[in-house]
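S.K.: Structural data only, the sequence is not supplied:
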Ligand code: OAD
């Protein structure tokens, strides 16, 4: 841990819990997305091959919901944008979330390791396109004019994005904080171990302890909209940022 007043290097990992108070369902809580859908049916390459209509429908519905008026960034997203302003490039914000609430909360650099809902990807060229509307197996791809568009989501069995950049930042971090994630999905659930081995102070911020809670040095318990702004203010005052 950085003992002096130089700016610390911080890696923040967020999960569905940070967006729960913004009106988006988490995955594994009661009435979460995985209670109403089998992961295998909507979040795997095999599902997309066998029943693409269902997979398109699932992500089209979530993309539409994300754009409803009631869905807005909450105080936790906004606080992390404030931390970015204070730390600049010494902060890396990694999210497992496919929503755009960090960006709407004011963060300009967000590593979406599991992809993005407001994006469509050409399955052939792997090029991504900003996409707000519904699309399906009849929608022509802007790069090749063929019907090759898939949701720009990392499905189970696929490699998450930005792993080199993330491991590099974790290995240099002074502080690692995981916010609103249950710690069930790897590789993200393993970030705490890497950060800890490289000397970072590790914090879990969650409504209830997650699966990897024992690995963290410190736990902040409560709704993200309360505990995250408080933690950000503490960091800003501790390091006189
Ligand atoms: P989960 O649904 O597994 O976990 C959500 C976590 O948020 C739980 O630990 C809750 O206790 C916590 N939580 C709920 N409300 C909260 C609040 N108001 N404030 C703070 N914490 C709260 O979601 P993730 O851990 O993000 O991947 O799931 C990881 C990945 O699994 C997702 O990115 C997704 C999913 O399958 C893919 O689809 C590839």
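M.R.: That came through fine. Because the structure is a prediction, the values reported are computed rather than measured.
S.K.: what does this protein put close to the ligand?
M.R.: 15-17, 20-21, 26-29, 32, 43, 96, 114, 154, 180-182, 184-185, 206-208, 210, 223-224 (C-beta under 6 Å from any ligand atom). Bear in mind the C-beta positions are built from the backbone N, C-alpha and C, glycine included.
S.K.: at 5 Å what do you get?
M.R.: 15-17, 20-21, 26-28, 43, 96, 114, 180-182, 185, 206-208, 210, 223-224 (C-beta under 5 Å from any ligand atom).
S.K.: Quick one: buried ones out of these?
M.R.: Among the residues of the chain next to the ligand, the ones that count as buried by 16 or more other C-beta atoms under 10 Å are 15-17, 20-21, 26-28, 43, 96, 114, 180-182, 185, 206-207, 210, 223-224.
S.K.: so where do the helices sit in this protein?
M.R.: 17-20, 33-36, 39-42, 45-50, 52-66, 75-87, 101-104, 163-172, 191-197, 224-238 (DSSP state H).
S.K.: List the buried residues for the third one?
M.R.: Within helix 39-42, the residues that count as buried by 16+ other C-beta under 10 Å are residue 42.
S.K.: Can you name the residues in contact with that helix?
M.R.: Contacts to helix 39-42, defined as C-beta atoms under 8 Å, 6 or more residues apart in numbering, come from residues 46-47, 51, 54-55, 58-59, 156.
S.K.: Filter those residues down to the buried ones.
M.R.: Buried by 16+ other C-beta under 10 Å: 47, 55, 58-59, out of those.
S.K.: and the angle from the longest strand along the chain to helix 52-66?
M.R.: If each strand of the chain is counted by residues according to DSSP state E, the longest one is strand 115-122. Interaxial angle, strand 115-122 versus helix 52-66 (axes from the mean of the first three to the mean of the last three C-alpha atoms, to 10 degrees): 130 degrees.
S.K.: Let me see the residues that make contact with the helix or strand of the chain with the lowest mean pLDDT.
M.R.: Within the chain, no helix or strand scores below helix 33-36, which has a mean of 83 by mean pLDDT, DSSP states H and E. Outside of helix 33-36, the residues within contact range by C-beta under 8 Å, 6+ apart are 25-28.
S.K.: ok so, going back, which of the buried ones among the contacts of helix 39-42 lies closest to residue 79?
M.R.: In terms of C-beta to C-beta, no member of these lies closer to residue 79 than residue 59, at 28.6 Å.
S.K.: hmm, back to that, for the least confident helix or strand of the chain, which positions count as buried?
M.R.: Buried, per 16+ other C-beta under 10 Å, within helix 33-36: residue 33.
S.K.: From the chain's centre, how far out is that helix? Work that out for me.
M.R.: 18 Å (C-alpha atoms, centre = their mean, to the nearest Å).
S.K.: Please apply the same query to stretch 40-48.
M.R.: Stretch 40-48 sits 20 Å away from the centroid of its parent chain (C-alpha atoms, centre = their mean).
S.K.: Could you do stretch 101-111 as well?
M.R.: 10 Å.
S.K.: roughly how far apart are the nearest residue to residue 16 once chain neighbours are set aside and residue 101?
M.R.: Distances taken as C-beta to C-beta, 6 or more residues apart in numbering put residue 26 closest to residue 16, at 3.8 Å, once the chain neighbours are dropped. Counting by C-beta to C-beta, to the nearest Å, the gap from residue 26 to residue 101 is 13 Å.
S.K.: quick one: common contacting residues for those two?
M.R.: In contact with both residue 26 and residue 101: residue 19, using C-beta under 8 Å, 6+ apart.
S.K.: Low-confidence regions, this structure specifically.
M.R.: 1-5 (pLDDT under 70).
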